[in-house]
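S.K.: Give the three-dimensional model of this entry:
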Amino acid sequence: MTYSAILEDRESDGFTATILGWPGCTATGATREEVLASLRRVLRDRLSKAEIVPLELDALEEAHPWAKFAGMFQDDPLFDQVVEDIRAYRREIDAEPPK
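M.R.: Residues are numbered from 1 along each chain as shown. A predicted model of the protein is given here:
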């Protein structure tokens with residue numbers, strides 16, 4: 001298997017390497033080769049005590065956060081007038097010259 005790692009040169013005190021996406025799979029060393037060898041050991045040790053398994057989850061059916069408001073004005077006798085006022089205001093704004 002191939003795992004991606006980020007290798008960082010810490011200039012004054014060697015190198016640090018971390019397996020991307022694997023918290024805790026980090027190693028340090030004086031040289032590039034030393035830190036990579038150490039990281040391989042860390043990963044092998046972790047994999048020897050663990051198992052990688054596919055995990056499927058059912059999709060969560062979350063309602064849109066505004067869904068609870070849908071239709072709340074359906075019986076409001078003023079709704080059509082409010083919508084027309086909004087349209088008129090938009091036409092008024094669109095007719096204004098740019099500033």
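S.K.: Count the neighbours of Glu61 for me.
M.R.: By the criterion of other Cβ atoms under 10 Å, Glu61 has 5 neighbours. C-beta here means a position set from N, CA and C on the backbone, and glycine is covered the same way.
S.K.: Check for me that it belongs to a strand.
M.R.: No: judged by DSSP: H, G, I helix; E, B strand; the rest coil, Glu61 forms no part of a strand; its state is coil.
S.K.: how far away is it from Phe69?
M.R.: 18 Å (Cβ to Cβ, to the nearest Å).
S.K.: Can you show me the strands along the protein?
M.R.: Here the chain has its strands, by DSSP state E, at 5-9, 15-19, 26-29.
S.K.: Given the second one, what are its sheet partners and their directions?
M.R.: Listed by DSSP bridges, the sheet partners of strand 15-19 and their directions read strand 5-9 (antiparallel), strand 26-29 (antiparallel).
S.K.: Give me the neighbour count for Gly14.
M.R.: By other Cβ under 10 Å, 15 other residues sit near Gly14.
S.K.: wait, what's in contact with Ile19?
M.R.: Ile19 makes contacts with Tyr3, Ser4, Ala5, Cys25, Thr26, Leu39, Leu43, as judged by Cβ atoms under 8 Å, 6 or more residues apart in numbering.
S.K.: my read: the second one touches Thr18, true?
M.R.: When you say that, I think you mean Ser4. No: contact criterion Cβ atoms under 8 Å: Ser4 and Thr18 do not qualify, at 9.8 Å.
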